[in-house]
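>>> One predicted model, sequence on top.
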Amino acid sequence: MTTRVAIVGGTGKLGGIIRSVVEAEDGFEVHAVLSSSSTLDELDGADLVVDASSPAVSIDVVRAAIERGVNVLVGTSGWSAERIALVRPLVAAAGTGVVFIPNFSLGSVLSTALAAAAAPFFPSIEIVEAHRETKIDSPSGTAVRTAELIAAARGAVGPVESPHVDQRARGQQVASVPVHSLRRPGVVAKQDVILSGPGESVTITHDTIDPARAYAPGIRIALRAARDAQGVLVGLDSFIDLGVRVPGTVEEPPVADGDVSGQVAGVTPA
């Protein structure tokens, strides 16, 4: 049976990439493409809603889908653990599923997992993320997710050391991790996680060069996962086995989905 997909924000950069993937994917078809001038009534008749809108609009899209009993795949940035927590009771009451993907790039997800795995061994950790000047929110959803997983991995050793955080130039603290956001032309998306200890440092860098090619594999995984999801799931690492053990996570049995392999990471504190 074909899954009819409504894409909110389908005329934007990410939305356009998602639309191309849906159109090329067996078992899926584009039901509606919503822009900033559309009403959410256009979600009617969809089997799956994909949200690639803006942080200000995203919560309304998720609520509208839940009210219609339709699963949602959220690719919009700006969803912190605290904000996602507000959605959980709505999803539980409706018996639907919402999948939040801070970054569709497999390389980005792997970089975040590596940073979280290394986090307990370094007392000082900071994140520098850069996006094109048109990105309206900061920190990025990827940086927030990375900081939250770093904090979870450091549960046994405590928060990172971040002196002088009262000074504005020291960045915004997310789960005790200072995050510095750059918005400038000439960059698509780049994140550096800098881990420092006595006499040494490690930098884990992910650089997106071609978004369409970088995001497409993750979008395909997320579409299939979101179609049949129940409850709230966060991150591509919920559906694929990265082969990286992150302290503070609890492994669960593999996801029961014919096309989505891997194991669910228990660290989704959102």
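Structure's in. What do you need? Numbering: from 1, shown residues only.
>>> residue farthest from the centroid of the protein?
Note on the chain: the largest separation between a C-alpha and the mean C-alpha position, by CA atoms, centre = their mean, falls on residue 199 (33.3 Å).
>>> Now that one, what are its backbone angles?
Per-residue torsions, residue 199: phi 80, psi 10 (degrees, to the nearest 10).
>>> Going forward, the N-terminal residue is numbered 31.
In the new numbering, first residue 31, that becomes residue 229.
>>> which stretches of the stretch 131-280 of the chain form strands?
Counting by DSSP state E, counting those that start in this stretch, the segments of the stretch 131-280 of the chain that form strands are 154-161, 202-204, 207-213, 219-227, 230-238, 261-264.
>>> Need the residues that contact the second one.
This means strand 202-204. Strand 202-204 is contacted by residues 110, 157, 168-169, 173-174, 177-178, 192, 195, 208-209, 211 when judged by CB atoms under 8 Å, 6 or more residues apart in numbering. The C-beta positions use only the backbone N, C-alpha and C, and glycine is treated the same way.
>>> same check, this time on the third one
With CB under 8 Å, 6+ apart as the test, strand 207-213 has contacts from 155-163, 165, 168-170, 173-174, 176-177, 180-181, 190, 192, 195, 200-203.
>>> got it, and the fifth one?
Contact partners of strand 230-238, identified using CB under 8 Å, 6+ apart, comprise 135, 137-138, 141, 144-145, 148, 152, 218-226, 244.
>>> So in that sheet, which strands flank that strand, and in what orientation?
Strand 230-238 sits in its sheet next to strand 219-227 (antiparallel), going by DSSP bridges.
>>> Would you mind writing the CA trace of the partner strand as PDB?
Listed next in PDB are the C-alpha coordinates belonging to strand 219-227 (Å, rounded to 0.1, in the frame of the first residue of the first chain):
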ATOM      1  CA  ALA A 219      26.600  23.000   7.700                       C
ATOM      2  CA  LYS A 220      29.600  22.300   9.800                       C
ATOM      3  CA  GLN A 221      30.100  21.200  13.400                       C
ATOM      4  CA  ASP A 222      33.300  20.900  15.500                       C
ATOM      5  CA  VAL A 223      33.200  19.200  18.800                       C
ATOM      6  CA  ILE A 224      36.500  20.100  20.700                       C
ATOM      7  CA  LEU A 225      37.300  17.800  23.600                       C
ATOM      8  CA  SER A 226      40.300  18.900  25.800                       C
ATOM      9  CA  GLY A 227      42.200  17.400  28.700                       C
END
